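A.B. asks: need a structure here:
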Amino acid sequence: MRTVLTGILALSAVSTLACSSIAGGTASGLAPTDEEVEQNEQEVATGLTRVASNLGTPESLTSYRDGVYFVTTNGPVTAPPAERTHDIWVKNGSSRARRLYRDLPGPSRGVAVTSYGLLEIDEAYVAVRIYPLDGSNAAGRVVYSATLDAPTVRPATGIRVLDADEGGFVVATFTRDADGAPSTIVSVSPEGLNRRELGVIPHRVTALKIQDTRLYLGTKQGEVFLGSRNAGQFGGVTTGAGAVTCIADALGDVFFGTERGLYVKRIGEAKETLAAGDILSITAQRERVVFGQRGKGLLSLPYSGGSPELVLALDRPNSVLSTTTSVFVTDRDGSCAQAAASEGCDSRGAVFRLRL
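C.D. replies: I've put the predicted structure just below:
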């Protein structure tokens, strides 16, 4: 894992840090033992803290109140999904990160957290499963099934993406898993009792973002759609190059990342290209957007534009989260991308907090 602190937004840059001092964990690279269910934090540099380390593919950062949640996946990245498991972690306030749920089936497809629980796509059952925030029920319970849906919503064979807020959650479902196949957008109440179809997007949805009363959708074809959180009525906003991976709303301006670059569509203006490269994650933080780029790291850019500033050099910053005072980012070793299937590469990673 290549990690170099180049500047923490408004903080001064410090010297390059060796990989061994960042990665932490055991030399064996094995998954944490039962005695390591809590992670010791380490201040790597002024304003930079390693929150957790030696973890399998950390991703899906999200938050609720003072809790920051993330997911790790266990097992070789080349193994079939049925042979892999994942854990859900939480860091509450100043306490250390601890494992909330362990060895849930399969790799994670993303987590959303609300007052009514942790929501997660259950790929095996084509469903959304909810877990208590206190870690008390590892089995969870199904609150939405795409295959056994109400007559008002067409049945589906899979769920692609999920996001949630206090009013419920939204999923993009499909009946044919192909890039050009349409996605049905379904809104579901917190307990799963009420659901309705908001509309159909003509292509595969790869990103979904709830922002207040707005609902943003990104597709494999690079399209960005905007609709009402409650009524749908989706209209095309703009199109970038490559599949949309992440979306952020900054005072009405739409920033979005794709496999080929970072773009912004400002109100009343044409789309603007801000950076080239594979953009993995994005978040809006105060007067700037902070985004993760594969092979480069975490970068920041003022809402008004300009040149992106490299904040933290990382291999694969696939998830980023902003809070009132900090930015959290996950990173994993990118070496597994080149590993042969026979090697059974078990990718490791870490979670960092940058103080603003």
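
A.B. asks: all helices for the chain, in order.
C.D. replies: 19-23 (DSSP state H).

A.B. asks: report the helix or strand with the lowest average pLDDT across it.
C.D. replies: When the helices and strands of the chain are compared on mean pLDDT, DSSP states H and E, helix 19-23 comes out lowest with a mean of 33.

A.B. asks: just give me the residue right at the centre of the protein.
C.D. replies: In the chain, the residue lying closest to the centroid (C-alpha atoms, centre = their mean) is residue 60, at 3.5 Å.

A.B. asks: just give the closest residue to that one, not the sequence neighbours.
C.D. replies: residue 71 (4.3 Å; C-beta to C-beta, 6 or more residues apart in numbering). Quick note: C-beta positions are derived from backbone N, CA and C, even for glycine.

A.B. asks: beta partners for that neighbour?
C.D. replies: Counting by DSSP bridges, residue 71 forms beta bridges with residue 59, residue 88.

A.B. asks: so who does it touch?
C.D. replies: The contact partners of residue 71, by C-beta atoms under 8 Å, 6 or more residues apart in numbering, come to 58, 59, 60, 86, 87, 88, 89, 108, 110, 111.

A.B. asks: repeat the analysis, applying 7 Å as the threshold.
C.D. replies: Counting by C-beta atoms under 7 Å, 6 or more residues apart in numbering, residue 71 touches 59, 60, 86, 88, 108, 111.

A.B. asks: what pLDDT does the fifth one get?
C.D. replies: Residue 108 is assigned a pLDDT of 87 by the prediction.

A.B. asks: tell me the spacing between it and residue 57.
C.D. replies: Residue 108 sits 9 Å away from residue 57, going by C-beta to C-beta, to the nearest Å.

A.B. asks: surely the residue nearest to the centre of the chain is in contact with residue 108?
C.D. replies: Yes: if you go by C-beta atoms under 7 Å, residue 60 and residue 108 touch, sitting 6.1 Å apart.

A.B. asks: low pLDDT regions in the stretch 151-300 of the chain?
C.D. replies: Across the stretch 151-300 of the chain, the ranges flagged by pLDDT under 70 are 151-155.

A.B. asks: try 80
C.D. replies: The stretch 151-300 of the chain contains residues with pLDDT under 80 at 151-156, 176-180.
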